[in-house]
Every structure is written in C-alpha cells, then in structure tokens.
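Undergrad: turn this into a model:
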Amino acid sequence: ELRMALTKVIGSGIQGLDIKSTGVHTLSVPTIFHVTKNTDQSLSDATTTVVTFESATDDSNGGRTINQGDLYSSNAFTATAATAGYYFVYISIFFQMTQDMGDFHMYFRVTPSGGSAETHQVVYTNAGQGNNLRFGTVFNHQILKLDSGDALNLIAYADAASSGTTNLNHNSVNIQRTNMGGWKIA
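TA: The predicted model follows:
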C-alpha cells in the first residue's frame, strides 16, 4: 500500500527526488550554489554594473565554493529544464568607497531566455559599518521563480561623491567578504 502511495505521488509530479527502499530521499538534480570573489571588483561611478564571482568551480576554494551542476558561470546562474523552479537566493557584499556615498544599491536581475530583463528586490544602503558612509556590507535575500533558460545576475549601482570609486572587496579566498548563493526550494 505504501508502494502504491509512493507510485501515485511520484506519478503526480514530484521531480528531482529519489526515494530509496530504505526511506532515505535525496535530490537527484543538484540545485545549489555558493560562489565567491577571488579578486576585488571596481565599480565605475554612477554606472550600473554586473557583479562577477570568479570562484565558481564546485568544491574549490578549500571546499567553500558550491556549484552543483555547474549552473553558475562568472556572472550568472542559469536554470535548465531539469532545475527550473523556485529558488531562495542571497548575497553578502562588502563594499568600500573612496568618498561618501550618494547612492548605492544592488538588486537581482532575471533575464528570461529570449526575453527582457526584470529587476527584483532592490536593496539600498545608506550607512556602512559604524555609520560610516564609505564602507559596509549589503545583504539581500529573496525567493525567485526561475524558468528554463532564465539567467540570474547580481547588479550594483554606486554613485560616490566627487566621482569617487567603489570597490567590492573579496578580502581573501579563506576569509570571504563577498558571496552569492542560492538553492532550489520547490
């Protein structure tokens, strides 16, 4: 009877899940990533910029980088037919400016295959560490729906006073200050 129930549930649309005879279940399609920078990224003043993450090889960086299924490239996570669905995504970005900030914000951008880019979850920063207007950490998290072929980017916009510069700091591969990740939740 349990076997019939499992057959019914599996036949009704559970995808990407393997249930072993021992009752242990595992995701058959890996859908998780946690990527980091291995170099600083300088942002041009008052310019929208795609944030890149150079450490994207699964299990690299002393095991700190996760990129199951190699779905994340240096600047985008791209869903496939097998991995389409709802994702919890997050960022933790350490920034440094040479002048006080006028405007600094980041957002997730989803570009459907063959479609126009869509902005999701804009997060503004108005003060950094110790209320300093020149450095701090931006956190953002959201649940996004990604269809097959959709590309997910992180976008930054930094406008520093007196045409100052903004740096996204990686610190070191062992002590990461800047990362992005996510996993499929449904």
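Undergrad: Thr78 reaches Asp147, doesn't it?
TA: No. Between Thr78 and Asp147 there is no contact under C-beta atoms under 8 Å: 10.8 Å. The way it works is simple: take the backbone N, C-alpha and C, and place the C-beta from them, glycine included.
Undergrad: more neighbours, those two?
TA: The neighbour count for Thr78 versus Asp147, taken as other C-beta atoms under 10 Å, is higher for Thr78 (17 against 13).
Undergrad: so what's that one up against?
TA: Taking C-beta atoms under 8 Å, 6 or more residues apart in numbering, we find Thr78 in contact with Leu71, Tyr72, Gly149, Asp150, Ala151, Leu152.
Undergrad: can you rerun that using 6 Å?
TA: Contact partners of Thr78, counting by C-beta atoms under 6 Å, 6 or more residues apart in numbering, are Leu71, Ala151.
Undergrad: and the pLDDT for it?
TA: Looking at Thr78, its pLDDT reads 96.
Undergrad: again with Asn140
TA: On pLDDT, Asn140 comes in at 92.
Undergrad: now find how far off-centre stretch 146-161 is within its chain.
TA: Computed by C-alpha atoms, centre = their mean, to the nearest Å, the chain-centroid distance of stretch 146-161 equals 9 Å.
Undergrad: try stretch 169-183
TA: Centre-to-centre, stretch 169-183 and its host chain are 11 Å apart (C-alpha atoms, centre = their mean).
Undergrad: likewise for stretch 160-170?
TA: On C-alpha atoms, centre = their mean, the centre of stretch 160-170 falls 22 Å from the chain's centre.
Undergrad: in this protein, where is pLDDT below threshold?
TA: Along the chain, the model assigns pLDDT under 70 to residues 1-19, 23-30, 126-132, 173.
Undergrad: which helix or strand contains Ser21?
TA: When elements are assigned from DSSP states H and E, Ser21 belongs to no helix and no strand.
Undergrad: offset the numbering so it begins at 410, please.
TA: Right, with 410 as the first residue, what we last looked at is Ser430.
Undergrad: helices along this structure, start to end?
TA: Taking DSSP state H, the helices of the chain run over residues 411-420.
Undergrad: and the strands in it?
TA: 426-428, 434-436, 441-445, 450-452, 456-459, 475-476, 486-487, 494-506, 510-520, 527-533, 544-555, 560-569, 575-577, 588-593 (DSSP state E).
Undergrad: between the ones you listed, which gets nearest to Asp467?
TA: strand 475-476 (4.2 Å; C-beta to C-beta).
Undergrad: what pairs with that closest one, parallel or antiparallel?
TA: If you go by DSSP bridges, strand 475-476 pairs up with strand 441-445 (antiparallel).
Undergrad: please save the CA atoms from the partner strand in PDB.
TA: The C-alpha trace of strand 441-445 is given here as PDB (Å, rounded to 0.1, in the frame of the first residue of the first chain):
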ATOM      1  CA  ILE A 441      22.600  24.700  -5.000                       C
ATOM      2  CA  PHE A 442      25.300  27.200  -5.400                       C
ATOM      3  CA  HIS A 443      27.500  29.500  -3.200                       C
ATOM      4  CA  VAL A 444      30.100  31.400  -5.200                       C
ATOM      5  CA  THR A 445      32.700  34.000  -4.100                       C
END
